[in-house]
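J.: Generate coordinates for the sequence data below:
(chains A and B)
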Protein chains: 2
Amino acid sequence: MQIAHPYLLFLGDVPDSLAAKTAQGIVDWRPEWCLGQTRLNGCAADTGLPDMSIREGAGQGARTMIIGSVNAGGTLPEHWVDSIIEALEAGLDVASGLHIKLSSIPAVKEAAVRNGRALYDVRHNTETFATGRGTKRSGKRILAVGTDCSVGKKYTALAMDKAMRARGFKSSFSATGQTGVFISGRGVALDAVIADFISGAAEWISPATEEDYWQVIEGQGSLFHPSFAGVTLGLLHGAQPDAFIVCHEPTRTTMRGVDTPLPPIEDVIDMTIRCGRLTNPDIRCIGIAVNTAALEEHEARTYLQDLGREHDLPATDPVRFGMEPIVDKVVAAFGAP
Amino acid sequence: MQIAHPYLLFLGDVPDSLAAKTAQGIVDWRPEWCLGQTRLNGCAADTGLPDMSIREGAGQGARTMIIGSVNAGGTLPEHWVDSIIEALEAGLDVASGLHIKLSSIPAVKEAAVRNGRALYDVRHNTETFATGRGTKRSGKRILAVGTDCSVGKKYTALAMDKAMRARGFKSSFSATGQTGVFISGRGVALDAVIADFISGAAEWISPATEEDYWQVIEGQGSLFHPSFAGVTLGLLHGAQPDAFIVCHEPTRTTMRGVDTPLPPIEDVIDMTIRCGRLTNPDIRCIGIAVNTAALEEHEARTYLQDLGREHDLPATDPVRFGMEPIVDKVVAAFGAP
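T.: Sure thing, here's the model as predicted:
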């Protein structure tokens, strides 16, 4: 699967910008792939891209229309289906991260076949994976892990990849979630894989490369989250990272969606190393990435300094202060590019 | 899903008894549910049940025909399909643990609809699961875990359930694999669940019960197996066991199907406790179950004695020496029934 760009981002008529966060993530990280946005009457989201009709987007060279919003309840409203068919008629592929499969809608499937266009349902893998092997692959890998879900693992991996490339490393971002797949144009929504193939899919996502090439892999869940730890462990084993970054949100007290208390960062580092050693005996932590949005700048700096000292690791906020301290750590630990 | 018995076991025409091990497992553990076996010309497997045609089985009251063999390559040969349709026409439900879905074969699906019969594809869950909650449920749970795959976890859980009931405990076996589902008539093939729902499915498998009721849960994989550890961890979190039994095969040096060395039993106990505490802070190991088939009886006894002393736990071979020592441990740790 390789989703063709430029993208036309379809926002529908959602009532707020949060509902269009998939589109916003794509614009934030791949603005050069984004030609414009298509909004229906009453849409309250705005990614800042030029507004255009589907026909205009096609005329300007868009290759794929991405469903960049989620409707209330995650369903696909009838009038969105009309827009999807219009895009297919205009010669675009269509990609979606919704639970409902585009190809399960007869009119959409027919329009795709009739126009020879591809439908991408990134929550539903068409790829057949082998079970994981655990065999060491060539190349270097960094995995973002977390004290919880939704603590900035995708953002951290993307920021790390960007900072690595800016420093002259050969590097790319490997997606394991739906928004990440749109941002990278390929990858797998790992939480949608059949349980037996989690680590196999993670191996597929981060294949063997040249020795000096770095893959920075989006994390999923947390080893301490009672809903999703199985996905996290399968990803850790399959990714066989040489290095990992712990992502954290300091105001969170219980794990997202459940009553389980957040684990100490120390425990996440320790457990990740203990489990990760199974497929990479040299796994090590190279830094802590914190979302400090809830803190004043001065507080944030003090917090990160204390955290860094406590764990003897660089600690930064990727948004506020950048990834340079953690790239420095990579250079110190693995050598300059 | 509740598969109706008595069962008629369909063995097909497989070339050896290993290919019929699903059928054999059902006969070993639920002989009272098994009416007979149906074999085609050339079948080399034999469970020891009375041979009968499908029509005879139906006439004697069979409710479900179980596909109890696996053909080379795991496919469903055309002449097996004829037998499946014959069973449906005779008024039986049909259950299969093959990768291919019975309902994906048009002639089979039509025959099921026409005769108002159910098709059970236990490798394909039709149940919709919630994500795991991690909340403590009432009742007691024992989970079989392993140093590797295929080290006797299902056998151990079944033997433990049987021994618990013989001692007067209220207890039942909870299936997490396909043969186990046939043996218990319900359950989920956990390795076939979508990754996001592993622990949620495990919670569904082992629901809240009366406080003095024990569920003995079939384990899957190993926390140290690079292919399947994600399933194992999700099961551990969802099952929230009060107690676990480590299953082991002493002649194995590398994990099944991969090059990873087998972990020490000590590490399995330690890691299971560390991870299991997330959803049950009181989790503890209550014994070690070893498949000693490769050892002489004297060697086996010495080995188990040394192992028990080393870990300060009862160590037994469920087949050779029974589960009594581990039931004793349950009584000592949790009280008599």
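J.: list the contacts for the spatially most central residue of chain A?
T.: With distances taken as C-alpha atoms, centre = their mean, residue A:180 lies nearest the centre of chain A, 3.1 Å away. Listed by C-beta atoms under 8 Å, 6 or more residues apart in numbering or on different chains, the contact set of residue A:180 reads A:154, A:157-158, A:173, A:187, A:218. Quick note: C-beta positions are derived from backbone N, CA and C, even for glycine.
J.: For PyMOL, write the selection for the buried entries among these.
T.: Only the buried entries of the contacts of residue A:180 go into this PyMOL selection, using 16 or more other C-beta atoms under 10 Å in any protein chain shown:
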select buried, chain A and resi 154+157+158+173+187+218
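J.: what helix or strand is the residue nearest to residue A:198 when sequence neighbours are not counted on?
T.: Excluding the flanking residues, the one nearest residue A:198 by C-beta to C-beta, 6 or more residues apart in numbering or on different chains is residue A:234, at 2.9 Å. Element membership for residue A:234, per DSSP states H and E: helix A:229-239.
J.: Let's verify the closest residue to residue A:321 other than its chain neighbours: helix, strand, or coil?
T.: Spatial nearest neighbour of residue A:321, excluding adjacent residues (C-beta to C-beta, 6+ apart): residue A:304 at 7.4 Å. Reduced to three states with DSSP: H, G, I helix; E, B strand; the rest coil, the structure at residue A:304 is helix.
J.: what's the closest non-adjacent residue to residue A:300?
T.: Leaving out its chain neighbours, residue A:300 is closest to residue A:292 (C-beta to C-beta, 6+ apart), at 3.8 Å.
J.: and the one you found, how many neighbours?
T.: Using other C-beta atoms under 10 Å in any protein chain shown, residue A:292 is surrounded by 24 other residues.
J.: Could you do residue A:248 as well?
T.: Residues near residue A:248, counting by other C-beta under 10 Å: 24.
J.: Help me confirm that it comes into contact with residue A:263.
T.: No - taking C-beta atoms under 8 Å as the definition, residue A:248 is not a contact partner of residue A:263, at 10.0 Å.
J.: all strands for chain A, in order.
T.: A:7-12, A:34-39, A:64-67, A:93-96, A:119-121, A:140-146, A:170-174, A:213-217, A:243-248, A:284-290, A:315-316 (DSSP state E).
J.: Okay, now the sheet partners of the last one, with direction.
T.: Under the criterion DSSP bridges, strand A:315-316 sits next to strand A:284-290 (parallel) in its sheet.
J.: Just checking the distance from the strand it pairs with to the centre of its chain.
T.: Taking C-alpha atoms, centre = their mean, to the nearest Å, the mean C-alpha location of strand A:284-290 is offset from the chain mean by 18 Å.
J.: Alpha carbons only: can I get that strand in PDB?
T.: What follows is strand A:284-290 as a C-alpha-only set of coordinates in PDB (Å, rounded to 0.1, in the frame of the first residue of the first chain):
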ATOM      1  CA  ARG A 284      18.400   1.500  25.500                       C
ATOM      2  CA  CYS A 285      16.400   4.500  26.500                       C
ATOM      3  CA  ILE A 286      17.700   7.700  24.800                       C
ATOM      4  CA  GLY A 287      15.300  10.300  26.200                       C
ATOM      5  CA  ILE A 288      12.000  11.500  27.600                       C
ATOM      6  CA  ALA A 289       9.500  13.600  25.500                       C
ATOM      7  CA  VAL A 290       6.900  15.400  27.600                       C
END
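J.: Which positions in the stretch 101-250 of chain A make contact with chain B?
T.: With C-beta under 8 Å from any C-beta of the partner chain as the criterion, the stretch 101-250 of chain A comes near chain B at residues A:131-135, A:190-196, A:198-200, A:223-224, A:226-235, A:237-238.
J.: redo that, cut-off 7 Å
T.: Applying C-beta under 7 Å from any C-beta of the partner chain, we find that the stretch 101-250 of chain A lies next to chain B at A:131-135, A:190-196, A:198-200, A:224, A:226-231, A:233-234, A:237.
J.: Keep only those of those that are in helices.
T.: Residues of these located in helices (DSSP state H): A:198-200, A:229-231, A:233-234, A:237.
J.: Please identify which two of these are farthest apart in space.
T.: The largest separation in these, counting by C-beta to C-beta, is between A:200 and A:229 at 18.0 Å.
J.: what about those two, which has more around it?
T.: For residue A:200 versus residue A:229, the count of surrounding residues by other C-beta under 10 Å is larger for residue A:229: 28 against 23.
J.: wait, doesn't the more buried one sit right on residue A:235?
T.: No - contact criterion C-beta atoms under 7 Å: residue A:229 and residue A:235 do not qualify, at 10.4 Å.
J.: neighbours around residue A:306, how many?
T.: 11.
J.: care to break chain A down by domain?
T.: The record's domain parsing of chain A by automatic domain parsing lists A:7-121, A:140-334.
J.: re the thing from before, could you check how far the residue nearest to the centre of chain A is from chain B?
T.: Note on residue A:180: its distance to chain B, by C-beta to the nearest C-beta, to the nearest Å, is 16 Å.
J.: Same check on residue A:318?
T.: Separation of residue A:318 from chain B (C-beta to the nearest C-beta): 26 Å.
J.: Likewise for residue A:51?
T.: As judged by C-beta to the nearest C-beta, residue A:51 and chain B stand 35 Å apart.
J.: and that residue, what are its bridge partners?
T.: So, taking DSSP bridges as the rule, residue A:51 has residue A:37 as bridge partners.
J.: so how many other residues sit close to whichever residue of the stretch 1-150 of chain A sits closest to chain B?
T.: The minimum distance from the stretch 1-150 of chain A to chain B, using C-beta to the nearest C-beta, falls at residue A:134 (2.8 Å). Neighbour count for residue A:134, taken as other C-beta under 10 Å: 23.
J.: Repeat that for residue A:260.
T.: Residues lying near residue A:260 (other C-beta under 10 Å) number 21.
J.: Could you do residue A:320 as well?
T.: By other C-beta under 10 Å, 15 other residues sit near residue A:320.
J.: so residue A:337 touches residue A:169, yeah?
T.: Yes - judged on C-beta under 7 Å, residue A:337 makes contact with residue A:169 at a distance of 4.4 Å.
J.: between these two, who's got more neighbours?
T.: residue A:169 (21 against 15).
J.: State the phi and psi torsions of residue A:221.
T.: Here is the backbone geometry of residue A:221 (degrees, to the nearest 10): phi 60, psi -150.
J.: mind listing the helices for the stretch 51-200 of chain A?
T.: A:54-59, A:78-89, A:106-115, A:153-166, A:178-184, A:198-205 (DSSP state H, counting those that start in this stretch).
J.: and of those helices, who's closest to residue A:47?
T.: Residue A:47 lies closest to helix A:178-184 among the helices of the stretch 51-200 of chain A, at 12.7 Å (C-beta to C-beta).
J.: model confidence over the closest one, on average?
T.: The pLDDT scores in helix A:178-184 average 93.
J.: okay, that helix in PDB with CA atoms only?
T.: Taking C-alpha atoms only, helix A:178-184 is exported to PDB below (Å, rounded to 0.1, in the frame of the first residue of the first chain):
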ATOM      1  CA  GLN A 178      -4.200   5.600  10.800                       C
ATOM      2  CA  THR A 179      -3.200   9.200  10.900                       C
ATOM      3  CA  GLY A 180       0.400   8.200  10.700                       C
ATOM      4  CA  VAL A 181      -0.300   6.100   7.600                       C
ATOM      5  CA  PHE A 182      -1.700   9.100   5.800                       C
ATOM      6  CA  ILE A 183       1.300  11.200   6.900                       C
ATOM      7  CA  SER A 184       3.800   8.600   5.700                       C
END
